[in-house]
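Chemist: What would the 3D arrangement of this be:
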Amino acid sequence: MARDPYEVLGVARGASEAEIRSAYRKLAKRHHPDMNPDNKQAEERFKEASAAHAILSDPEKRARFDRGEIDADGQERAPFGFGGGRSSGTAGGTGFGGTAGFGGGEDFSDIFSELFGRSRAGGESRRMRGQDQQYRLSIDFLDSIRGATRRLTLPDGRSLEVKVPAGIEDGQTMRLRGQGGPGIQGGPAGDALIEISVTPHPLFRREGDNIHVEVPVTLAEAVLGGKITVPTPTGHVSVTVPKHSDTGTRLRLRGKGVAARAGKHAGDEYVTLRLVTGPVDAALEQALRDWAERHADFDARAALAES
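Modeler: Okay, the predicted model is just below:
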């Protein structure tokens with residue numbers, strides 16, 4: 001048995017004729033077989049919407065359905081549970097090419113002109129743009145920073161060369177014009193919409209156009225200062241660790257973040273130092289004891305007591 005026509009069209013029982021018509025138009029355009037070739041589910045949804053509209057667009061049929069005299073198929077209901085005959089007609093339409101069976105005495109040729117691109121006057125074909133198609137492309141973190149060219153294989157076997165611009169972010173969508181669904185009656189093809197998924201990097205973290213990285217330093221490098229090598233998206237560079245640095249000391253490398261692009265300067269890279277003890281021998285232990293005695297009043301956790 002067919003579903004409740006109000007439920008099929010997604011309208012309330014008190015819906016106006018305009019609301020019913022609008023709801024049917026949306027469903028018909030979305031599920032029409034000409035727009036969904038070889039899609040049986042869409043075909044069934046279109047038939048279901050057409051049958052529901054046939055009842056609700058006809059004031060007499062709608063009133064009889066509301067009173068429980070006919071069912072969602074447009075068939076007579078047996079009175080008080082006794083057997084009854086079936087009506088000679090059905091609520092469904094006559095297929096996908098005509099307007100018979102929709103009820104209400106309305107001319108629906110304008111709907112089908114919109115759906116399949118046919119003029120009302122002569123039935124001539126009209127060019128229609130193809131549908132946009134959505135895809136997902138996963139790229140490496142460094143490719144998102146520097147830019148890259150990647151090849152995307154589509155479900156139909158075609159492949160697209162995708163030029164990923166420098167600075168693209170996770171979740172952004174690229175539009176490749178004319179690479180979507182084919183046009184109808186010679187119309188232009190739709191676009192390919194490619195959502196970018198960026199794989200996290202084990203070292204780098206992005207904030208806006210800036211890159212952050214944590215770099216370990218030895219006790220000697222932190223206390224005495226000196227040159228160290230740090231990674232950047234474009235390769236390793238040498239930087240100077242200031243004397244008396246500590247864990248959390250941050251160094252700024254200008255222009256070493258996201259690559260420059262139209263209207264935007266290159267971002268920066270921020271290097272955060274992390275102190276590592278490294279090998280400990282007797283000499284280091286003695287040196288630290290001497291230091292602790294000379295600075296017995298130093299409290300590394302004084303800030304915790306104040307909070």
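
Chemist: Show the end-to-end separation of stretch 256-271, please.
Modeler: End-to-end distance of stretch 256-271 (CA to CA, to the nearest Å): 11 Å.

Chemist: In the longest helix along the chain, which residues are buried?
Modeler: Counting residues, the longest helix in the chain under DSSP state H turns out to be helix 40-56. Along helix 40-56, these residues count as buried under the neighbour rule (16 or more other CB atoms under 10 Å): 42-43, 45-56. In short, each C-beta sits where N, CA and C put it, glycine included.

Chemist: Can you report phi and psi for the residue positioned nearest the centre of the chain?
Modeler: For the chain, the residue sitting closest to the mean C-alpha position, by CA atoms, centre = their mean, is Glu195 at 6.2 Å. As for Glu195, its main-chain torsions (degrees, to the nearest 10) stand at phi -80, psi 130.

Chemist: re the thing from before, for the buried residues of helix 40-56, which one is nearest Thr247?
Modeler: Within the buried residues of helix 40-56, distances to Thr247 taken as CB to CB reach their minimum at Ala42, with 60.5 Å.

Chemist: pLDDT score for the closest one?
Modeler: With respect to pLDDT, Ala42 scores 81.

Chemist: My understanding was that it contacts Leu27; is that so?
Modeler: No. With the criterion set as CB atoms under 8 Å, Ala42 and Leu27 do not qualify as a contacting pair; they are 10.2 Å apart.

Chemist: Rounded mean pLDDT for the strand or helix carrying His212, please.
Modeler: Using DSSP states H and E, His212 maps to strand 210-218. Across strand 210-218, pLDDT averages out at 96.

Chemist: chain center to stretch 128-146, what's the gap?
Modeler: Distance of stretch 128-146 from the chain centroid (CA atoms, centre = their mean, to the nearest Å) equals 10 Å.

Chemist: export stretch 133-143 as PDB, just CAs?
Modeler: Extracted as PDB, the C-alpha positions of stretch 133-143 are listed here (Å, rounded to 0.1, in the frame of the first residue of the first chain):
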ATOM      1  CA  GLN A 133      29.800  16.100  -9.000                       C
ATOM      2  CA  GLN A 134      31.500  15.900  -5.600                       C
ATOM      3  CA  TYR A 135      34.800  14.100  -4.800                       C
ATOM      4  CA  ARG A 136      37.300  14.000  -1.900                       C
ATOM      5  CA  LEU A 137      41.100  14.200  -2.300                       C
ATOM      6  CA  SER A 138      43.500  13.400   0.500                       C
ATOM      7  CA  ILE A 139      46.900  15.300   0.300                       C
ATOM      8  CA  ASP A 140      50.000  15.500   2.500                       C
ATOM      9  CA  PHE A 141      50.400  18.300   4.900                       C
ATOM     10  CA  LEU A 142      53.500  19.600   3.100                       C
ATOM     11  CA  ASP A 143      51.600  19.600  -0.200                       C
END
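
Chemist: hmm, who's touching it?
Modeler: Surrounding stretch 133-143, the residues in contact under the criterion CB atoms under 8 Å, 6 or more residues apart in numbering are 148, 150, 152, 154, 162, 164, 168, 179-181, 190-201, 204, 206, 233.
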